[in-house]
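Novice: Give the three-dimensional model of this entry:
(one chain, ligands or ions: 1)
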Amino acid sequence: MNYVERIKEFVATHKNMDFYTDRACEREVVGLLNYDESAILPYTVESPLLKADGSRVASAEEWKNSRRQEIIELFKNELYGAVPPMPDAVEYKEISCKKDALNGKAVRKEIDIVFKINNGKQHTVPVLLYFPADAKGKVPVFINLNFKGNHTITSEKDVRMTGLLNDDKSFLTEEQRSCHAFRNSIEMVIARGYGCCTASYNDFFPDHIDGWSDSIYSLFGDFNGYSRGHEKYSSIGAWAWGCSRLMDLVEEIKEFDSSKTVLHGHSRLGKTALWAGALDERFKIVIANNSGLGGAAMTKRRFGELYVYLVTAMPHWFIKRTAFYIANEEAQNFDQHFLMSLIAPRKLVVASAENDIWSDPYGEYLGAFHAGEVYSLFGADVLKSSHRQAVGTVITSDISYHIRPGKHAQNEIDWLHYLDIADKFF
Ligand code: GCU
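Specialist: Prediction:
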């Protein structure tokens, strides 16, 4: 029996898998995953240019006017769910402004975005932003959602603790301040002349199975007591919506050049960045750092993490429908290169780490490589070879890719490449 057959058999005999109540099952599933390139079964790479009616997209115009929307619908219906509605009103409240932040190098602002519904419901997301103090004009801006709260991505001790909606309160301590500073590398970003704008993903949807009632979805319906997966909505959908709401704010900040924006995300937030970047064409460069399954990696390779883990361990990340593809990846008539095609002809950046085998680095590369079919319609520079790239490779083009040594992370090495890419295109 090959590993795919073993997983299919396991799934058939464990109909109601739930890792929250059965940790032993989780361990067994992890033990069934494949990390052997030679064991991968042959799989089909569909062409994103083949339309639902069987005809083939022949031009960039045709792509933009018809096929692009078909693929957006596909990802809404199969993975990430519907785009959340807009609130009736949005208010931006400046909470603080520090003119000599980062030793005088930057101006820092904390702003609350208050989403309001006419029935009185409100939801507040606290945002942190910086721009260079000596900026001569508007600056391009890096936008992202952070994991553990705004206070964890800056060295400045007087930034408010955010991400308060998460059930895990361990991030909300003085010791946790700046623990994720390397993920945003704000000092580097400011030194290179860019601004940045960030909020905790937990403030849009607290990342746990019961997060619904504290999420932005609670503005639009009754999610009290709701748990796990949903037919129509997903947490990735809420986070992607959140990226666009940060973009709305960026458009209001006069120091930012909202025509030059980079959306970046690491891991689950790399998956999110791709979906947000696919939907919202205001993001001009979209970076998926170590995004793995459900991100840049080709699902049908079935290497490293599989749906059997992802969808069972994090059922709120995707819509319920995605579970149909557990141990059934071959039934997908699409793969993640379709998602990245939606970003064309804007700049796409995929990054891998050598030891991040859970995320399938070669699968991430292939996702970016195959997205090239659509980028080529626009005459864009694409990845030339389908071969695995040597560790240390850095390719900067309309589709950029790098693979650095080391583990799953977004660190200074990644930032050097991201800033070079932004310099090149802005
Ligand atoms: C888990 C999950 C991955 C995800 C990662 C992260 O490992 O299985 O799919 O990318 O968390 O977001 O850190």
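
Novice: contacts and neighbour counts: CA atoms only from here.
Specialist: OK.

Novice: Look up phi and psi at whatever residue of the stretch 251-400 of the chain ends up closest to the ligand.
Specialist: Proximity to the ligand, evaluated over the stretch 251-400 of the chain using C-alpha to the nearest ligand atom, is greatest for Arg268 at 3.5 Å. When read as degrees, to the nearest 10, the backbone of Arg268 gives phi -60, psi -30.

Novice: contacting residues for it?
Specialist: Neighbouring residues of Arg268 by C-alpha atoms under 8 Å, 6 or more residues apart in numbering: Ser291, Gly295.

Novice: Tell me which residues are up against the lowest-mean-pLDDT helix or strand in the chain.
Specialist: When the helices and strands of the chain are scored by mean pLDDT, DSSP states H and E, helix 181-184 comes last with a mean of 94. Contact with helix 181-184 is made by Thr152, Ile153, Thr154, Ser155, Ala409, Gln410, Asn411, Glu412, as judged by C-alpha under 8 Å, 6+ apart.

Novice: Please repeat the previous calculation with a cut-off of 10 Å.
Specialist: 142-147, 150-156, 187-188, 196, 198, 264-266, 409-415 (C-alpha atoms under 10 Å, 6 or more residues apart in numbering).

Novice: In the helix or strand hosting Glu61, which residues are buried?
Specialist: Using DSSP states H and E, Glu61 falls within helix 60-62. Across helix 60-62, burial judged by 16 or more other C-alpha atoms under 10 Å covers Ala60.

Novice: So for that helix, mean pLDDT?
Specialist: Averaged across helix 60-62, pLDDT comes to 97.

Novice: Who are the packing partners of that helix?
Specialist: helix 361-377 (3 or more C-alpha pairs under 10 Å, 6 or more residues apart in numbering; DSSP states H and E).

Novice: after the helix it packs on, next one along is what?
Specialist: Counting by DSSP H and E, the next helix or strand C-terminal to helix 361-377 is strand 394-395.

Novice: Residue ranges in the stretch 1-150 of the chain under the pLDDT threshold?
Specialist: Counting by pLDDT under 70, not a single residue of the stretch 1-150 of the chain qualifies.

Novice: List the contacts of the residue of it found nearest the ligand.
Specialist: The minimum distance from the stretch 1-150 of the chain to the ligand, using C-alpha to the nearest ligand atom, falls at Phe147 (9.0 Å). Taking C-alpha under 10 Å, 6+ apart as the criterion, Phe147 is in contact with 153, 163, 171, 180, 183, 199-203, 207, 265-266, 268-269.

Novice: go again using 6 Å as the cut-off
Specialist: Contact analysis of Phe147 by C-alpha atoms under 6 Å, 6 or more residues apart in numbering lists Ser200.

Novice: Near the ligand, which residues of the protein? Just list them.
Specialist: Proximity of the chain to the ligand (C-alpha under 6 Å from any ligand atom) is limited to residues Ser267, Arg268, Ser291, Gly292, Leu293, Leu310.

Novice: mind redoing it with 5 Å?
Specialist: The chain comes close to the ligand at residues Ser267, Arg268, as judged by C-alpha under 5 Å from any ligand atom.

Novice: In the chain, what residue spans correspond to strands?
Specialist: Under the criterion DSSP state E, strands of the chain are mapped to 89-100, 106-116, 122-132, 139-146, 195-200, 256-266, 285-289, 347-353, 394-395, 399-404.

Novice: And stretch 409-424, how far out from the chain middle?
Specialist: Chain-centre distance of stretch 409-424: 17 Å, with C-alpha atoms, centre = their mean, to the nearest Å.

Novice: likewise stretch 208-224?
Specialist: When distances are taken as C-alpha atoms, centre = their mean, stretch 208-224 is centred 20 Å away from the chain's centroid.

Novice: first to last residue in that stretch, what's the distance?
Specialist: The first and last residues of stretch 208-224 sit 14 Å apart, counting by C-alpha to C-alpha, to the nearest Å.

Novice: Contacts for that stretch, please.
Specialist: Residues from elsewhere that reach stretch 208-224 (C-alpha under 6 Å, 6+ apart): Phe204, Phe205, Ser227, Arg228, His316.

Novice: switch to 8 Å and redo it
Specialist: 84-85, 87, 116-117, 121-123, 165-167, 203-206, 225-229, 238, 314-316.

Novice: Let's see which of the residues you listed end up in helices.
Specialist: Among those, DSSP state H puts Ala238 in helices.

Novice: Out of the contacts of stretch 208-224, which end up buried?
Specialist: Here, 16+ other C-alpha under 10 Å leaves 84, 87, 116-117, 122-123, 165-166, 203-206, 228-229, 238, 314-316 buried among the contacts of stretch 208-224.

Novice: what stretches of the stretch 301-426 of the chain score poorly on pLDDT?
Specialist: For the stretch 301-426 of the chain, counting by pLDDT under 70, not a single residue falls below.

Novice: before we move on, the earlier item: of all the strands of the chain, which one is nearest Met340?
Specialist: Ranking the strands of the chain by proximity to Met340 (C-alpha to C-alpha) places strand 347-353 first, at 7.5 Å.

Novice: Just name whatever secondary elements that closest one is in contact with.
Specialist: Judged by 3 or more C-alpha pairs under 8 Å, 6 or more residues apart in numbering; DSSP states H and E, the packing partners of strand 347-353 are strand 285-289, helix 361-377, strand 399-404.

Novice: In TSV: the ones you listed, plus mean neighbour count.
Specialist: As requested, these are exported to TSV (neighbours: other C-alpha atoms under 10 Å):
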stretch	mean neighbour count
strand 285-289	28
helix 361-377	25
strand 399-404	23
